[in-house]
Structure formats: C-alpha cells, structure tokens
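A.B. asks: From the sequence below, what's the structure:
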Amino acid sequence: MKLVKILAASTLLLSIGTTSLVADVVKGQKAFIKFLKEPCGMDGAKFALKHTQEEWKKIKADGKAEEEIMKICPNVKAGDVKENLLEHIMDFSIEFASDSGNVPSC
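C.D. replies: Have a look, this model is predicted:
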C-alpha cells in the first residue's frame, strides 16, 4: 500500500514538472510569434534550427540570448523583447533546435 502511494505521488510530480516545461516552450513560441517573427523575417522553426540544443543551452546559460537574437535577426534591437520572455524563447529554441527532431507549429 505504501509503495502504491509513493508511485502515485511520483507520477503526480512528474506530470506537474512536464506541464511546466511545456508551458515555458509554449510561452516561448507565443513570444517568438508576437515579438520576433516579423522582424526576423522567419518563423520559429527556421530560427530554432540556427543552433543545436547544446549551443542554445550554452547561449542561455551565458546570458547571451538577446545578443544572439540580434545576430540572427538584425532588425531586432536591444530591449525589443522583455527580459522575462527571453528565457521562454530560449526554452522554445532548445526544444526545436536543429538536432531535436521536433518541429514547432509556427
């Protein structure tokens, strides 16, 4: 009986963790569409394909998200995307990177 409770609790925690991860990716996709699709002149799929997952993770970890976005999209200027949305856009980029095998719907 105790084992069943532990398994149920573990399943619940995993489902909550997965939901929050997906929420960040979805939020990043929406932010890309709203703030970057037009100035970048490309959809989110083409944008995310610019790097591998590891490259996007390093860009995010180094705090260079805005700098990299401006490199890829010369029409984007510093401050065009709110700081709190950059993390979500990076999560989206990692999820749909060139080596991920995933394709976004934007």
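A.B. asks: For this protein, which residues score under the pLDDT cut-off?
C.D. replies: For the chain, residues meeting the criterion pLDDT under 70 lie at 2-23, 105-106.
A.B. asks: show me what contacts residue 53?
C.D. replies: Residue 53 is in contact with 94, 97, 99-100, counting by C-beta atoms under 8 Å, 6 or more residues apart in numbering. Just so you know, the C-beta spots here come from the backbone N, C-alpha and C atoms, and that holds for glycine as well.
A.B. asks: For it, which non-adjacent residue is closest in space?
C.D. replies: residue 97 (4.3 Å; C-beta to C-beta, 6 or more residues apart in numbering).
A.B. asks: Likewise for residue 96?
C.D. replies: residue 48 (3.8 Å).
A.B. asks: Do I have it right that the one you found meets residue 92?
C.D. replies: Yes: checked against C-beta atoms under 8 Å, the pair residue 48 and residue 92 is within contact range at 6.8 Å.
A.B. asks: and the gap between the residue nearest to residue 53 and residue 72?
C.D. replies: Residue 97 is 13 Å from residue 72, where distance means C-beta to C-beta, to the nearest Å.
A.B. asks: Neighbour count: the two, which is higher?
C.D. replies: Legend: neighbour count by other C-beta atoms under 10 Å for residue 97 and residue 72, higher for residue 97 (20 against 15).
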